[in-house]
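[1] just coords:
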């Protein structure tokens, strides 16, 4: 087992491997595990620090500081400033998500074939997803882990007769509803990649290099031969020694939808589609106000979800418990008015939607070399966004809520059941909403045509050798479901095809 | 600047039947927040406090900074400015609310009122070997 962490200036690190994998989240760790199982020497490089569950923070403040990329401060540049939340730690966003597992819908493979000329992935990805479900102990949310918030969502769904073809599955082993998914599961129940794949890679002789944001890919002619960068101290944020990791067989980039394209840009690659076709699941929450305490933070953070509206109007619905620290800023108002609203905390619960948005944005790099996300939802997507809020409000009322809090600027703070129709005419201006981009796609999309894509259907970058992208940035369309399973399946297929 | 930010937060999160931000270790939190956040986040939060303090003319129609307003008017200003239709102003003040919420919502007394156990201290540790 080998781990190289932050090194001070003057202690430069150089090493050579068969494969260098950049990023230890869903894509990178899954790819590295596949390569290590095949007996190849692998370096897994992560920009963030390696935190074990005992190191995980407990507060939302600690979560932002220790686990997210730039304190979660990345926002979209466009009509509205919506946060783009990604992790920066060993395990990547699998550490801070709710571990929701949804197989890649078959219509997605058909769409990739029809629109992007990618034809041979479905069987291979589904086979990998079979294995991933065993490796990561996928299970349904157990009744003892649900908590009242999720039970109310199930009640509302049943009352409305929504037919969801997919049961809610998560990468958990014996989750008892600790409600701390977003800060990392310190009880080790969530099977994030730092719990499963990273230790496996190390057991198989791999090397983990942490606190090591990759600056650029090294090339010899048109062949990728390694990566380089400088260590970054996770607390002081000061730069340390230089690291150079050489790859004799290939470099695999899985640094996230925002970072992967920017690493290629910093490396001097000039591909017409690089950074383009950025897509996401923008979403927001609607609080329900109940007469009895709901205590949303007791039970699984996200213990219920529905894909019943994935095709029409193009939405995913789910519960999401957020702690008092975040509710305090999420509820509108200030002064005594805000405190009176916060006093209801035990009686409110938030359910949210993720819009299967067709809007395409782009990722560029700033003058300082960091990712910039340009993205503004267009009108059809804003209509989907609004329709999702209507569905959530109706679900709350069907579950027995006495009011809902939509959180739309310029609208009443609370809506009663007979006011829910107001949401049908809610504004379509993104600035009126507090929203977030949770699942990201694109920036290095795969496809047959080098003018409209960055990689081929095996994740190999057009026009260069030995360079593979293996994260959500290759996904050319919006999935409409949680992407972790698709990312891991694709990454393992790409890795397998490398060996 | 700390004073400016603190005074905005105390107006936005006053003591009611719940503890106010001033009851929740706010001073230590702000020092830590300033020390640990990237400069741009800190600068944005301070900017939010400036916006908060120097906009009462548009909410309660008095040419005074919020920290000089009588308590009732300051409270009315807090309610109005946090819900203003001017997006960038609302976003700037949101940063102040977020900074304070991270302190207020983690306070043991606040959590007790919400039937939640106290949070353990964040270890702030990582593996070096």
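    Arrived safely. What you see is a predicted model, and the numbers here were worked out from it, not measured in a lab. Numbering: from 1, shown residues only, chains lettered A, B, ... in the order given.

[2] Which strands or helices does the longest helix anywhere in chain B pack on?
    The longest helix of chain B (DSSP state H) is helix B:87-104. Contact analysis of helix B:87-104 by 3 or more Cβ pairs under 8 Å, 6 or more residues apart in numbering or on different chains; DSSP states H and E lists helix A:60-67, helix A:324-330, helix B:2-12, helix B:26-36, helix B:39-53 as its packing neighbours. C-beta coordinates here come from the backbone N, C-alpha and C atoms, glycine included.

[3] tell me the most buried of the ones you listed?
    Counting by mean count of other Cβ atoms under 10 Å in any protein chain shown, helix A:60-67 has the highest mean neighbour count of these, with a mean of 25.

[4] still on that earlier bit, per-residue confidence averaged over the longest helix of chain B?
    For helix B:87-104, the mean pLDDT works out to 97.

[5] Other residues contacting the very next helix or strand once past that helix?
    The element immediately downstream of helix B:87-104 (helix or strand, assigned by DSSP states H and E) is helix B:108-113. Helix B:108-113 is touched from outside by A:324, B:18-19, B:23-24, B:104-105, B:117-119, with contacts defined as Cβ atoms under 8 Å, 6 or more residues apart in numbering or on different chains.

[6] ok, back up a step: now distance to residue A:214 and mean pLDDT too, for the helices and strands packed on helix B:87-104, in TSV please.
    What follows is the helices and strands packed on helix B:87-104, written out as TSV (distance: least, Cβ to Cβ, whole Å; pLDDT from 0 to 100):
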stretch	distance to residue A:214	mean pLDDT
helix A:60-67	19	96
helix A:324-330	31	93
helix B:2-12	36	97
helix B:26-36	24	97
helix B:39-53	22	97
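
[7] so can I have a markdown table of the ones you listed showing distance to residue B:83?
    Formatted as a markdown table, the helices and strands packed on helix B:87-104 follow (distance: least, Cβ to Cβ, whole Å):
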| stretch | distance to residue B:83 |
| --- | --- |
| helix A:60-67 | 23 |
| helix A:324-330 | 13 |
| helix B:2-12 | 12 |
| helix B:26-36 | 23 |
| helix B:39-53 | 13 |
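
[8] and of those helices, who's closest to residue A:212?
    Closest to residue A:212 of the helices and strands packed on helix B:87-104 is helix A:60-67 (Cβ to Cβ; 16.8 Å).

[9] counting contacts, what elements does the closest one pack onto?
    Using 3+ Cβ pairs under 8 Å, 6+ apart, helix A:60-67 sits against helix A:324-330, helix B:87-104.

[10] phi, psi of residue A:348?
    phi -110, psi 150 (degrees, to the nearest 10).

[11] Enumerate every residue touching it.
    Residue A:348 makes contacts with A:287-290, A:294, A:296, A:327, A:405, as judged by Cβ under 8 Å, 6+ apart.

[12] State the number of residues packed around residue 89.
    With no chain named, the answer covers chain A. The burial count assigned to residue A:89 is 29, neighbours taken as other Cβ atoms under 10 Å in any protein chain shown.

[13] try again with chain B
    Applying other Cβ under 10 Å, I find that residue B:89 has 17 neighbouring residues.

[14] So it sits against residue B:51, correct?
    Yes. Counting by Cβ atoms under 8 Å, residue B:51 is a contact partner of residue B:89 at 5.7 Å.

[15] wait, residue A:474 sits on residue A:456?
    No. Using Cβ under 8 Å, residue A:474 is not in contact with residue A:456, being 9.7 Å away.

[16] Name the residues contacting each of those two.
    By Cβ under 8 Å, 6+ apart, residue A:474 and residue A:456 have these common neighbours: residue A:446.

[17] Neighbour count: these two, which is higher?
    residue A:474 (33 against 18).

[18] what bridges to the closest residue to the more buried one other than its chain neighbours?
    The shortest distance from residue A:474 to any non-neighbouring residue, by Cβ to Cβ, 6 or more residues apart in numbering or on different chains, is to residue A:446 (4.5 Å). On the basis of DSSP bridges, residue A:446 is bridged to residue A:455.

[19] and residue A:446, how far is that from residue A:273?
    Using Cβ to Cβ, to the nearest Å, we find residue A:446 at a distance of 10 Å from residue A:273.

[20] for chain A, what's the longest strand?
    If you go by DSSP state E, chain A has its longest strand at strand A:239-253.

[21] and it, what does it pack onto?
    Counting contacts by 3+ Cβ pairs under 8 Å, 6+ apart, strand A:239-253 is packed against strand A:13-22, helix A:26-37, strand A:42-45, strand A:214-220, strand A:223-232, helix A:259-266, strand A:467-469, helix A:484-498.

[22] Could you name the helices and strands sitting against the shortest one?
    Meaning strand A:467-469. strand A:239-253.

[23] for the stretch 101-250 of chain A, what are the low-confidence residue spans?
    Applying pLDDT under 70 to the stretch 101-250 of chain A picks out residues A:165-167.

[24] By proximity to chain B, which residue of it wins?
    With Cβ to the nearest Cβ as the measure, residue A:234 is the residue of the stretch 101-250 of chain A nearest to chain B, at 5.9 Å.

[25] That residue sits in which helix or strand?
    Going by DSSP H and E, residue A:234 is not part of any helix or strand.

[26] Leaving out chain neighbours, which residue sits closest to it?
    Nearest to residue A:234 is residue A:49, by Cβ to Cβ, 6+ apart, at 4.0 Å.

[27] Which positions in the stretch 101-250 of chain A make contact with chain B?
    Contact residues, the stretch 101-250 of chain A versus chain B (Cβ under 8 Å from any Cβ of the partner chain): A:210, A:234-235, A:237.

[28] redo that, cut-off 10 Å
    A:179-180, A:183, A:186, A:208, A:210-211, A:234-235, A:237 (Cβ under 10 Å from any Cβ of the partner chain).

[29] And the residues you listed, which is closest to residue A:109?
    For those, the nearest to residue A:109 is residue A:208 (32.9 Å; Cβ to Cβ).

[30] re earlier: I'd like the contacts of helix B:108-113 as TSV, with distance to residue A:97 appended.
    Formatted as TSV, the contacts of helix B:108-113 follow (distance: Cβ to Cβ, whole Å):
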residue	distance to residue A:97
A:324	21
B:18	31
B:19	32
B:23	34
B:24	29
B:104	26
B:105	21
B:117	24
B:118	26
B:119	21
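
[31] Which entries within those meet the buried criterion?
    Buried members of the contacts of helix B:108-113, counted by 16 or more other Cβ atoms under 10 Å in any protein chain shown: A:324, B:18-19, B:24, B:104-105, B:119.

[32] Show me which pair in these is furthest apart.
    Every pair in the buried ones among the contacts of helix B:108-113 was compared (Cβ to Cβ); the two farthest apart turn out to be B:18 and B:119, at 17.0 Å.

[33] Which secondary structure state does the most centrally placed residue in chain A sit in?
    Centroid-nearest residue in chain A, with Cα atoms, centre = their mean: residue A:439, separated by 4.6 Å. Classification of residue A:439 using DSSP: H, G, I helix; E, B strand; the rest coil returns strand.

[34] surely it meets residue A:278?
    No. If you go by Cβ atoms under 10 Å, residue A:439 and residue A:278 don't touch, sitting 11.8 Å apart.

[35] Quickly list what's touching both of these two.
    Jointly contacting residue A:439 and residue A:278 under the rule Cβ atoms under 10 Å, 6 or more residues apart in numbering or on different chains are residue A:257.

[36] Now do the same for residue 1: its pLDDT.
    Here I'm looking at chain A. 54.

[37] looking at chain B here, not the other one
    Looking at residue B:1, its pLDDT is 83.

[38] mind listing what it touches?
    B:30, B:34, B:42-43, B:45-46, B:49-50.

[39] Give me the domain ranges for chain A.
    For chain A, the structural domains run A:1-50+A:102-135+A:194-274+A:443-499, A:70-82+A:139-186+A:276-441, going by automatic domain parsing.

[40] For residue B:65, which of these is the nearest?
    Per Cβ to Cβ, nearest to residue B:65 of the domains of chain A: domain A:70-82+A:139-186+A:276-441, 15.7 Å.
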